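**Student:** Any chance you could fold what I've pasted below:
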Amino acid sequence: MSAPFTLYPAIDLSAGRCVRLVKGDFAQQTTYGDPVEVARAYVAAGATALHVVDLDAARTGERRNRDIVRAIAAAVPVPVQLGGGLRDDEAVDGALADGATRVVLGTAAVEDPGLALRLAAVHPGAVVVGLDHRRTNGPGRSGREVAVRGWQEGSGRDLLDLLDALAGAALAGVLITDITVDGTLCGPDLEGYRHALRESALPLIASGGVGRVGDVAALAALEVGGRRLAGAVVGKALLSGTLDLAEAVHACAR
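**Tutor:** Next up is the predicted model:
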């Protein structure tokens, strides 16, 4: 039986502010203000967990937003899932010490799946692997190439192949982000998530394209062979006002 579906409001950090990008493009960036106040507002609206991404660290590996991460973790009584630039043991240990409940490994896990497996064993229930991909017409089982280094480079590896490489790991989850629709509000890649659920027994979290409550409901209801998604990350839809968080939380509960 699948675990309850969790909705993760996203807080993307750049230069100490809450921002959103379109399709991972730093040139298409909108600033939305104080990340701590955004976090408090999400929890007040019913969020039971938060997803925080240090975009600057994802690009450079330098975690210059650590003080903001600490402030968010101290300000809210819910788990904080943190990603961006976490590429070795020291960075993961530091993120957990800063108050993150779970950490998301992206580039490091794609380039060395063995690192993710080892860290998952060291930190049970605290490690998530992020597989951020673009839909392409190129070779590969899924036609979805995973990107690295803040979405700036292609890895040359297919999404389903990497899910296979992570099979059996003691991961808290795998966060699958569709860069092709991220920040566009045009709807999630339901077919892609169906393929992933069919191929992998790991807990899968969807991200990218959610624009309205119907998108959240569709992700929460998606089922393949008795398996469902573990949750979904929602970002721009909340900040732009096309999605009401309290309504979305209620839709997940239904």
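
**Student:** make it CA atoms for all contacts and neighbour counts henceforth
**Tutor:** OK.

**Student:** Residue 78 is in contact with residue 102, correct?
**Tutor:** No. Contact between residue 102 and residue 78 fails when scored by C-alpha atoms under 8 Å: they sit 11.5 Å apart.

**Student:** Looking at these two, which is more packed in?
**Tutor:** Residue environment comparison for residue 102 versus residue 78 gives the larger neighbour count to residue 102, 23 against 15, counting by other C-alpha atoms under 10 Å.

**Student:** From residue 31, how far out is that one?
**Tutor:** In this structure, residue 102 and residue 31 are 25 Å apart, going by C-alpha to C-alpha, to the nearest Å.

**Student:** Likewise for residue 202?
**Tutor:** Applying C-alpha to C-alpha, one obtains 34 Å for the distance of residue 202 from residue 31.

**Student:** What are the buried residues along the helix or strand where residue 74 lies?
**Tutor:** Per DSSP states H and E: residue 74 is located in helix 66-75. Neighbour-count burial for helix 66-75, with 16 or more other C-alpha atoms under 10 Å as criterion, is recorded at 66, 68, 69, 70, 72, 73.

**Student:** which outside residues touch the helix or strand of the chain with the lowest mean pLDDT?
**Tutor:** Ranking every helix and strand in the chain by mean pLDDT, DSSP states H and E puts strand 25-33 at the bottom, with a mean of 84. With contact meaning C-alpha atoms under 8 Å, 6 or more residues apart in numbering, strand 25-33 is reached by 17, 18, 19, 20, 21, 22, 239.

**Student:** What pairs with that strand, parallel or antiparallel?
**Tutor:** Strand 25-33 has these partner strands in its sheet, going by DSSP bridges: strand 17-22 (antiparallel).

**Student:** Render the CA-only coordinates of the strand it pairs with in PDB, please.
**Tutor:** Included here for strand 17-22 are C-alpha records, laid out as PDB according to Å, rounded to 0.1, in the frame of the first residue of the first chain:
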ATOM      1  CA  ARG A  17      15.600  35.900  -1.800                       C
ATOM      2  CA  CYS A  18      12.700  33.600  -2.900                       C
ATOM      3  CA  VAL A  19      12.700  33.300  -6.700                       C
ATOM      4  CA  ARG A  20      11.300  31.200  -9.500                       C
ATOM      5  CA  LEU A  21      12.800  30.400 -12.800                       C
ATOM      6  CA  VAL A  22      11.200  29.300 -16.100                       C
END
